[in-house]
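**Student:** Quick check, what structure comes out for this input:
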Amino acid sequence: MIIDLTRLKNGIDEYIEVDELVPFEQEYAQNTELIDLKNTMVKGTLYKDSTEQIILNIVLKGVMVLPCSITLKPVDYSFECSIHGSMEELYQEIDKNDKKYENSIDILPILWENILMEMPMKVVSDDLSDAKTEGEGWKLITEKEDTYINPELEKLKDLLD
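**Tutor:** Residues are numbered from 1 along each chain as shown. Modelled structure (predicted):
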């Protein structure tokens with residue numbers, strides 16, 4: 001997503017307004033658990049501060065499609081994040097040694113990095129009706145049921161007193 005900065009740098013405009021649907025190619029999600037991104041919307045502004053630095057102030061919204069941690073079925077997960085900072089700092093945060101931008105910048109790497117930071121560690125589908133939660137010699141333990149204490153380790157507790 002390349003943004004032209006010519007009018008901003010020349011002082012013709014005070015800010016550049018961004019309000020776009022951002023398409024992400026499938027190659028971005030190649031090494032992640034992300035199945036798909038839907039309706040990724042960017043809205044905000046770019047402006048120059050008193051030190052002539054370009055400041056990015058945007059809100060990123062969309063829907064991630066992630067695999068369910070139990071059934072591996074696709075689950076929609078809505079996200080929203082705010083991005084605010086100077087372009088130099090934001091490029092340093094994502095370790096992108098981009099050449100000094102003159103008349104245009106690409107904010108897609110910054111957006112992608114923030115989407116990755118919004119990904120949850122696990123997503124569970126609301127519909128687990130057909131999911132197998134126990135079988136021969138195993139049972140799915142939820143966070144609520146995780147109170148089992150090994151009796152052998154329980155004896156070690158007496159040593160601490």
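
**Student:** Low-confidence bits of the chain, can you list those?
**Tutor:** Residues of the chain that meet the criterion pLDDT under 70 lie in 95-102, 128-131, 142-148, 161.

**Student:** residues in contact with the nearest residue to residue 44 once chain neighbours are set aside?
**Tutor:** The shortest distance from residue 44 to any non-neighbouring residue, by CB to CB, 6 or more residues apart in numbering, is to residue 58 (2.9 Å). Heads up, the C-betas are built off the backbone N, CA and C, glycines and all. Residues in contact with residue 58, defined by CB atoms under 8 Å, 6 or more residues apart in numbering, are 18, 42-45, 82-84, 107.

**Student:** so residue 21 bridges to which residues?
**Tutor:** Beta-bridge partners recorded for residue 21 (DSSP bridges): residue 41.

**Student:** now the helices: where do they sit in this protein?
**Tutor:** 6-9, 87-93, 108-118, 151-156 (DSSP state H).

**Student:** buried residues in the first one?
**Tutor:** For helix 6-9, a neighbour-count test (16 or more other CB atoms under 10 Å) marks residue 8 as buried.

**Student:** who touches it?
**Tutor:** With CB under 8 Å, 6+ apart, helix 6-9 has contacts from 13-16, 46-48, 54, 103-104.
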